[in-house]
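In: mind looking at a prediction? Sequence and model below.
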Amino acid sequence: MDKRQEAVEETRRRIVDTTVALHGEQGVLGTSWEDIAKKADVALATVYRHFPSLDELVPACGQQVVGIMKPPTLEATRELFAAASSLADRIKLLAKSQQ
């Protein structure tokens, strides 16, 4: 990868990192494109160039969150939930497994 491509990827990563952080602080609906640009230290047009709409930005953030959370595999989930008798029990067990 050449230096130009590396810079593009770094900018994209910074935008996604910033967006994930802002979504955690302010919520998805409470985060503006301007907030993202300012905190990522890029021009607003740069954010739009990388992510023309939420349809592109939200999945990129979701991929990052999945990488951070490392959800259990389907098989591990079956084992984890084997003793759970309700949705509330499954949620508690899942949350505990992420600690």
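Out: Okay, I see it. Just so we're clear, the structure is a prediction, and the values are computed from it rather than from any experiment. Numbers count the residues shown, from 1 in each chain.
In: contacting residues around the spatially most central residue of the chain?
Out: For the chain, the residue nearest the mean C-alpha position is C61 (2.9 Å; C-alpha atoms, centre = their mean). The contact partners of C61, taken as C-beta atoms under 8 Å, 6 or more residues apart in numbering, are 16, 19-20, 23. C-betas here are computed from N, CA, C, even on glycine.
In: helices along this protein, start to end?
Out: 3-26, 33-40, 44-50, 54-69, 74-81, 87-97 (DSSP state H).
In: mean pLDDT for those - can I get that in TSV?
Out: Shown next, in TSV, are those (pLDDT from 0 to 100):
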stretch	mean pLDDT
helix 3-26	94
helix 33-40	97
helix 44-50	96
helix 54-69	87
helix 74-81	84
helix 87-97	83
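In: and the gap between the residue nearest to the centre of the chain and A84?
Out: Using C-beta to C-beta, to the nearest Å, C61 is found at 29 Å from A84.
In: repeat that for V20.
Out: 29 Å.
In: between those two, who's got more neighbours?
Out: When V20 and A84 are compared for neighbours, V20 comes out ahead with 17 against 14, by other C-beta atoms under 10 Å.
In: verify the stated contact: that one with Q64.
Out: Yes. Checked against C-beta atoms under 8 Å, the pair V20 and Q64 is within contact range at 5.6 Å.
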